[in-house]
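[1] any chance you can model this:
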Amino acid sequence: MLKRAFYLWRLIWTLVAFAELGIGGFILATTVIPLSTLFVRDEQTRNRRAQNIIRSSFRLYILMQQMLGVFKLEVRGGDKLSVCKGKLVVANHPTLLDIVLLMALLPDANCVVKSDLWHNPLLRPVARTAGYIRNDYEPEALIEKCRDALHAGSNLIIFPEGTRSVPGKLLPFQRGFAHIAILAGAGIQPITITCEPIMLTKDQPSYRIPRSRPHFRIEVGDEVDAKRFLDLSSESRARGARKLASYLESDYGRRLLHG
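    Numbering: from 1, shown residues only. Purely as a prediction, here's the structure:
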């Protein structure tokens, strides 16, 4: 009886948590971010201010969910993230909350977002003010914008799988992140995200939660130096990107699927 009551409690607060994301997003988009950046002329300063507001909001959101018993969060190697600057942050993508967790933990977090966001009248101003990069640019233009963000000191979050993965299966890594890292000469900060028992996976409704409280674990790995894959010729760059993507895909596969 007690377990069932606790399950119902978590179910109610999980649904409330999604409502909070929507309501909080509306408040940020319509009042907090516009008012906080209204008189800021410098674009980079405006981007950073919006990113910091989003980060603080997500940190508060995660703290509330832990206090309410919706999920637990464990971070290993978090000290590496606090000093992270101008890094390409690469992570696997098992759940819907991954981007929220990473943006809460990373300072000056930028990301590549789906172009659909720019058709949303509510979220488009937030994404633009925060300097997020839409994914429908031509490949070379997208790489250039990502390189500019990294050189400006932003930490750029990318999920190489391109979409949420299937539980127990790592999707093939796309090579776009590797081209960005090699061309920008940026360090890669790998992060591994696990959730046990799993929740909020691809095509799973938000109300379907596991019987026991999910435990998110974020493990911050050692930085990978992309410069060793760097070559200025386009042919060698493509070959280097393949090698880099293959290296990281194998590393993630070993850690996630084989312990």
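
[2] so in this protein, where's the weakest helix or strand by average pLDDT?
    helix 2-27 (a mean of 73; mean pLDDT, DSSP states H and E).

[3] mind listing what's buried along the next helix or strand after it?
    Moving toward the C-terminus from helix 2-27, the next helix or strand (DSSP states H and E) is helix 33-36. By neighbour count on 16 or more other C-beta atoms under 10 Å, the buried set for helix 33-36 is 33, 36. Bear in mind the C-beta positions are built from the backbone N, C-alpha and C, glycine included.

[4] helices or strands up against helix 33-36?
    If contacts are counted by 3 or more C-beta pairs under 8 Å, 6 or more residues apart in numbering; DSSP states H and E, helix 33-36 sits against helix 43-67, helix 123-130.

[5] average pLDDT for it?
    Mean pLDDT, helix 33-36: 87.

[6] let me know the secondary structure of residue 205.
    coil (DSSP: H, G, I helix; E, B strand; the rest coil).

[7] circling back to that earlier point, which of the helices and strands packed on helix 33-36 sits most buried?
    helix 123-130 (a mean of 19; mean count of other C-beta atoms under 10 Å).

[8] closest to residue 257 out of the helices and strands packed on helix 33-36?
    Closest to residue 257 of the helices and strands packed on helix 33-36, according to C-beta to C-beta: helix 43-67, at 26.8 Å.

[9] what does that closest one contact?
    13, 17, 20-21, 24, 28, 32-33, 36-37, 40, 71-73, 100-101, 103-104, 106-110, 126, 129-131, 152, 154 (C-beta atoms under 8 Å, 6 or more residues apart in numbering).

[10] switch to 7 Å and redo it
    17, 20, 24, 28, 32-33, 36-37, 40, 71-73, 100-101, 103-104, 108-110, 129-131, 152 (C-beta atoms under 7 Å, 6 or more residues apart in numbering).

[11] low pLDDT regions in this structure?
    In the predicted model, the chain carries pLDDT under 70 at residues 1-2, 6-7, 9, 13, 230-235, 258-259.

[12] any idea of the angle the least confident helix or strand of the chain forms with helix 43-67?
    160 degrees (axes from the mean of the first three to the mean of the last three C-alpha atoms, to 10 degrees).

[13] thanks again, I'm all set now.
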